[in-house]
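In: Show me the folded form of this:
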Amino acid sequence: MKDGEDKKTTVGTVEEVLPNSLFRVRLSAPVDTSSEAAAAEGAVEKGEGELILAYLAGKMRLHRIRVLVGDQVDMVIDPYGGRARIVRRLT
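Out: Alright, predicted model coming up:
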């Protein structure tokens, strides 16, 4: 990424643990907030967010930080869509 370019981060809840440090995460807010309808709607109610496939960031693997089902995580969304990188475990 270029310097000064904003990274798209979001918060989600881990729904399922998959092999090879992959996780299925339910987003707590809509990813695309550029549309007026999504911005007016605000946060999505719990359990109604989109499911996305996420993987652990390198520093989380290096320091062996465990992520379990039900944990809230901070993620950086891939600009091309489809996946996210988990960068922080919130709870």
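
In: What pairs with the lengthiest strand in the chain, parallel or antiparallel?
Out: The longest strand of the chain (DSSP state E) is strand 9-18. For strand 9-18, the pairing partners within the sheet under DSSP bridges are strand 22-27 (antiparallel), strand 72-77 (antiparallel).

In: quick one, helices of this structure?
Out: Counting by DSSP state H, the segments of the chain that form helices are 36-41, 58-62.

In: Low-confidence ranges, the protein, go.
Out: 1-6, 30-47 (pLDDT under 70).

In: hmm, back to that, any chance of CSV for the strands paired with strand 9-18, columns distance to K59?
Out: Any C-beta I mention is one placed from the backbone N, CA and C, and that applies to glycine too. Listed next are these as CSV, based on distance: least, Cβ to Cβ, whole Å:
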stretch, distance to K59
strand 22-27, 16
strand 72-77, 12
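
In: For R61, find the nearest of these.
Out: strand 22-27 (12.0 Å; Cβ to Cβ).

In: closest to T9 out of the strands paired with strand 9-18?
Out: So among the strands paired with strand 9-18, strand 72-77 is nearest, using Cβ to Cβ, at 5.4 Å.

In: Buried ones in the closest one, by neighbour count?
Out: Within strand 72-77, the residues that count as buried by 16 or more other Cβ atoms under 10 Å are 73, 75-77.

In: Equivalent analysis for stretch 51-65, please.
Out: 52, 54-57, 60.

In: Now do the end-to-end distance for it.
Out: 22 Å (Cα to Cα, to the nearest Å).

In: Same check on stretch 51-70?
Out: Note: stretch 51-70 ends 14 Å apart using Cα to Cα.

In: how far out from the middle of the chain is it?
Out: Here the centre of stretch 51-70 is set off from its chain's centre by 10 Å, with Cα atoms, centre = their mean, to the nearest Å.
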